[in-house]
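Participant: Could you work out the structure for the sequence below:
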Amino acid sequence: MQSFRSEIENPIVEKDILELERKIQLFKEGKIDEERFRSLRLARGVYGQRQLGVQMIRIKLPYGKVSSEQLHRIANVSDEYSRGRLHITTRQDIQIHHVSLDRTPELWAQLEKDDITLREACGNAVRNVTASETAGIDINEPFDVSPYAHATFQFFLRNPICQEMGRKFKMSFSATDDDTALSFMHDLGFIAKTKTINKKEVKGFKVLLAGGLGSQPRHADVIYEFLEADLLIPTIEGVLRVFDRYGERSKRAKARLKFLVKDLGVNEFLTLIETERKALAYQSYPIDTSKFEEEPVFKTNDIPSVTILNQKAYQEWKETNVIKQKQEGLYAIGIKVHLGDFYTDKARLLADLIKKYAANELRFTLRQNILIRHVREAFLPFFYTELQKLGFAEIGYNSLSDITACPGTDTCNLGISSSTGIAAELERVLKTEYPKYSNNKDITIKISGCMNACGQHNMAHIGFQGMSIKVGNLLAPALQVLIGGGILGNGKGRFSDKLIKIPSKKGPEALRILLNDFEKNQKIKEPYLDYYDRLGKTYFYDLLKHLSDITNLKEDDFIDWGHDQNYIKAIGVGECAGVVIDLIATLLFESEEKLDNATEACNEKQWSNSIYFSYTAIINTAKALLTAEEEKTNTQAGIITNFDTVFVATKKIDLPVSFSDFVYQINKNEPTETFAKKYLQEAKDFYKTIDAYRKATIEK
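Facilitator: Numbers count the residues shown, from 1 in each chain. Take a look at the predicted model:
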């Protein structure tokens with residue numbers, strides 16, 4: 001299992017992979033508990049799936065960008081360690097399923113040969129940084145947001161301030177005011193803007209804070225109409241530091257940033273960010289964009305000769321799937337990927353195609369599709385014929401018939417009903433009964449297998465959420481129908497209204513009723529959301545009400561889409577949040593590890609990182625003692641306050657200053673060498689004090 005060691009050039013990556021391997025062994029030997037191990041593997045992209053004994057691996061691909069070499073590598077890994085199926089997520093990642101836990105370190109090592117990581121793809125960390133797939137080629141963009149998304153990914157990968165937060169943290173970069181990266185539903189969303197300052201055009205972002213979906217969706221607040229690009233990284237770091245310190249950690253359902261901002265208020269949150277400013281390693285962080293400004297390089301100018309047999313189909317494909325780039329003479333090709341699933345044989349052929357005939361780049365999209373970039377106009381007929389051979393030339397890219405759906409009960413522990421099954425059936429209905437909607441890009445359909453909204457159902461024009469419904473002593477799969485969500489642009493969006501719960505097998509009929517009514521009652525060129533608002537929620541409830549009748553269900557209604565046996569509601573333990581049950585000994589052991597990390601960072605002159613590792617070691621150590629006393633440890637700020645009350649004020653623990661003053665040195669000092677070394681030594685001394693107290697208490 002350790003044959004990969006000599007193959008990894010980056011010592012930081014090698015250490016990370018070896019750590020995963022070591023913790024797997026400790027877990028198998030029973031030396032670390034399951035919950036602690038779960039937290040560690042999630043931070044390495046290893047996610048338990050519905051089927052016992054196997055893992056889902058999430059491959060982190062910043063803003064979905066992939067080269068031919070990387071796609072070949074991913075395909076090889078999927079064939080070797082999984083089953084050859086690749087799944088594109090709504091965060092521009094790739095997931096592969098049914099992987100043995102023991103083989104995850106070597107799998108990761110194989111990916112790293114082409115600079116692909118698993119690190120922080122899951123767990124309570126900064127998740128994959130997403131961006132508009134057209135960033136860099138969009139005719140309407142003020143500038144390319146790709147280098148800023150990339151710099152954000154790089155700066156916060158393995159950064160100590162965001163390794164063990166209360167919950168996951170998501171960021172997006174939208175190329176234009178169309179807001180195709182959905183800033184309004186992210187923890188931090190950025191929309192590209194420019195502003196003239198002192199007669200000079202300056203790049204920056206409109207910044208939105210604390211949006212989210214899930215069972216309680218929240219629209220993000222605008223905190224800056226214009227933030228200069230050089231302040232991007234310091235601003236993100238300030239937000240993460242505040243979230244890490246004040247965010248909820250015990251109550252999973254209240255642990256996302258949106259709940260913290262709701263409780264504190266935006267102004268108080270911004271004040272807390274300001275208190276962190278002095279502690280930041282960078283007050284300004286210029287981002288080098290030169291690499292992204294290079295002209296596309298093509299391997300050949302020879303255009304393969306092809307014959308288009310069906311010119312009408314070709315023209316229709318060009319209208320629905322081809323996008324003109326801002327670069328003269330270049331086009332992007334959208335590939336509609338059914339439910340985000342495709343296989344390694346096609347992936348390899350696609351990789352060869354973009355390397356030889358395009359500019360060796362594609363991007364996975366937020367709607368689970370593929371966008372090939374930098375295709376010369378003369379090569380479009382050739383690409384059409386080649387994509388046809390792969391089954392990748394179906395019309396309707398980003399259209400109504402291009403349904404977004406999470407994996408649901410196929411593999412997810414939290415899935416309640418089959419989202420992929422109903423999605424496949426709805427796509428069939430649209431293709432066979434409503435072909436005129438093949439290029440309708442004004443209406444979206446999104447489906448999630450549960451309330452957590454991984455399929456983004458509650459921001460769709462028409463959404464479906466997986467549920468169950470009780471009929472006597474039996475359970476039937478069901479769908480919550482939602483209508484009225486959508487992107488409004490420039491950081492504004494709206495969430496869908498919940499209408500009615502119906503048996504899943506009536507989902508296609510619900511769609512027919514909604515589309516037929518739209519055709520009947522839509523005013524000339526009236527947008528769908530205007531049509532919905534004009535008629536009102538009650539009208540649509542009445543329209544679908546008869547479908548909720550469960551008095552005359554047939555045997556087939558108790559079988560979910562894509563299944564052949566009666567429905568069983570089976571929900572496992574969710575891992576999206578990396579829920580951790582902390583044991584005192586484990587906490588103290590982790591404090592030792594954090595002190596080692598702080599020492600190592602200090603030796604490498606990474607003063608800011610060392611300081612933050614020291615801080616987390618102090619917090620962890622205090623948490624261990626409070627846990628032993630069964631005191632609250634919901635937030636880091638709460639731990640600081642409670643430790644003063646329970647241990648310092650009562651003289652149980654003797655400190656030269658209050659615990660609060662001791663800890664909060666972190667945001668009252670610049671991250672210098674002097675302070676980093678002082679804080680580290682004080683953290684070590686504090687650990688020794690607490691360890692001695694703990695041992696003395698146990699001996700009593």
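
Participant: how about the host helix or strand of residue 624: buried residues?
Facilitator: Using DSSP states H and E, residue 624 maps to helix 607-628. Residues 607-627 are the ones in helix 607-628 that count as buried (16 or more other CB atoms under 10 Å). Glycine gets a C-beta too; all of them are placed from N, C-alpha and C.

Participant: what's that helix packed up against?
Facilitator: If you count contacts as 3 or more CB pairs under 8 Å, 6 or more residues apart in numbering; DSSP states H and E, helix 607-628 packs onto helix 584-603, helix 636-643, helix 659-663, helix 673-699.

Participant: hmm, 7 Å instead?
Facilitator: Where contact means 3 or more CB pairs under 7 Å, 6 or more residues apart in numbering; DSSP states H and E, helix 607-628 is packed against helix 584-603, helix 636-643, helix 673-699.

Participant: Can you give the distance from the shortest one to the centre of its chain?
Facilitator: By that I understand helix 636-643. Centroid displacement of helix 636-643 relative to its chain, using CA atoms, centre = their mean, to the nearest Å, is 30 Å.

Participant: again with stretch 273-288
Facilitator: Worked out by CA atoms, centre = their mean, stretch 273-288 lies 25 Å from the chain centre.

Participant: can you list contacts of it?
Facilitator: 147-148, 151, 229-234, 237-239, 241-242, 608, 666-671 (CB atoms under 7 Å, 6 or more residues apart in numbering).

Participant: how about 8 Å then?
Facilitator: By CB atoms under 8 Å, 6 or more residues apart in numbering, the surrounding residues in contact with stretch 273-288 are 147-148, 151, 155, 229-235, 237-239, 241-242, 607-608, 611, 666-671.

Participant: which parts of it are buried?
Facilitator: 273, 276, 279, 280, 281, 285, 287.

Participant: Please save the CA atoms from it in CSV.
Facilitator: Taking Å, rounded to 0.1, in the frame of the first residue of the first chain, the C-alpha atoms of stretch 273-288 are listed here in CSV:
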residue,chain,number,x,y,z
ILE,A,273,-14.2,40.6,10.7
GLU,A,274,-12.6,44.0,11.3
THR,A,275,-11.2,42.8,14.7
GLU,A,276,-9.3,40.0,12.8
ARG,A,277,-7.6,42.3,10.4
LYS,A,278,-4.5,42.9,12.4
ALA,A,279,-3.9,39.1,12.6
LEU,A,280,-4.0,38.5,8.9
ALA,A,281,-0.8,37.5,7.1
TYR,A,282,-1.7,39.8,4.2
GLN,A,283,-3.5,43.1,4.3
SER,A,284,-3.5,43.1,0.5
TYR,A,285,-3.0,40.1,-1.8
PRO,A,286,-2.4,40.9,-5.5
ILE,A,287,-3.3,37.9,-7.7
ASP,A,288,-1.2,37.1,-10.8
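
Participant: Now that stretch: average pLDDT?
Facilitator: For stretch 273-288, mean pLDDT is 96.

Participant: follow-up on the earlier one: roughly how far out does the helix holding residue 624 sit from the chain middle?
Facilitator: 27 Å.

Participant: Dump the buried residues of stretch 273-288 to CSV, plus secondary structure and distance to residue 443.
Facilitator: Converted to CSV, the buried residues of stretch 273-288 look like this (DSSP: H, G, I helix; E, B strand; the rest coil; distance: CB to CB, whole Å):
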residue, secondary structure, distance to residue 443
273, helix, 39
276, helix, 43
279, helix, 47
280, coil, 44
281, coil, 46
285, coil, 40
287, coil, 37
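
Participant: of the residues you listed, closest to residue 476?
Facilitator: Closest approach between the buried residues of stretch 273-288 and residue 476, by CB to CB: residue 273, at 48.5 Å.

Participant: re the thing from before, show me the one of the helices and strands packed on helix 607-628 that comes nearest residue 300.
Facilitator: helix 584-603 (47.5 Å).

Participant: what packs against the closest one?
Facilitator: Helix 584-603 makes packing contacts with helix 607-628, helix 673-699 when contacts are defined by 3+ CB pairs under 8 Å, 6+ apart.

Participant: Check which residues of it are buried.
Facilitator: For helix 584-603, by 16+ other CB under 10 Å, it's 586, 587, 588, 590, 591, 594, 595, 597, 598, 599, 601, 602.

Participant: The last one is in contact with residue 608, isn't it?
Facilitator: No - here residue 602 lies out of contact with residue 608, judged by CB atoms under 8 Å, at a distance of 10.8 Å.

Participant: between the two, what contacts are shared?
Facilitator: residue 676.

Participant: sorry, back to before: select from the helices and strands packed on helix 584-603 the stretch with the lowest mean pLDDT.
Facilitator: helix 673-699 (a mean of 91).

Participant: Identify each of the strands in the stretch 451-600 of the chain and give its residue range.
Facilitator: Per DSSP state E, counting those that start in this stretch, the stretch 451-600 of the chain carries strands over the ranges 462-471, 474-483, 486-489, 492-494, 497-503.

Participant: Would you reformat those as TSV and include distance to residue 417?
Facilitator: As requested, those are exported to TSV (distance: least, CB to CB, whole Å):
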stretch	distance to residue 417
strand 462-471	4
strand 474-483	4
strand 486-489	24
strand 492-494	25
strand 497-503	10
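
Participant: Ok, which of those strands comes nearest residue 62?
Facilitator: From the strands of the stretch 451-600 of the chain, taking CB to CB, the stretch that ends up closest is strand 486-489, at 22.1 Å.

Participant: Next, give phi and psi for residue 551.
Facilitator: In terms of degrees, to the nearest 10, the main-chain angles of residue 551 are phi -80, psi -20.

Participant: list the contacts for residue 641?
Facilitator: residue 660.

Participant: Would you mind measuring from it to residue 274?
Facilitator: Residue 641 is 21 Å from residue 274, where distance means CB to CB, to the nearest Å.

Participant: follow-up on the earlier one: nearest to residue 538, of the helices and strands packed on helix 584-603?
Facilitator: Using CB to CB, these put helix 607-628 closest to residue 538, at 50.3 Å.

Participant: List the residues that contact the nearest residue to residue 616 once chain neighbours are set aside.
Facilitator: Computed as CB to CB, 6 or more residues apart in numbering, the closest residue to residue 616 that is not its neighbour in sequence is residue 594, at 5.1 Å. By CB under 8 Å, 6+ apart, residue 594 lies in contact with 613, 614, 616, 617, 620.

Participant: What of residue 210?
Facilitator: So residue 210 contacts 187, 218, 220, 221, 257, 258, 260, 261, 262, 266, 269 (CB under 8 Å, 6+ apart).

Participant: Which residues are in contact with the third one?
Facilitator: It refers to residue 220. 183, 184, 185, 186, 189, 208, 209, 210, 211, 491.
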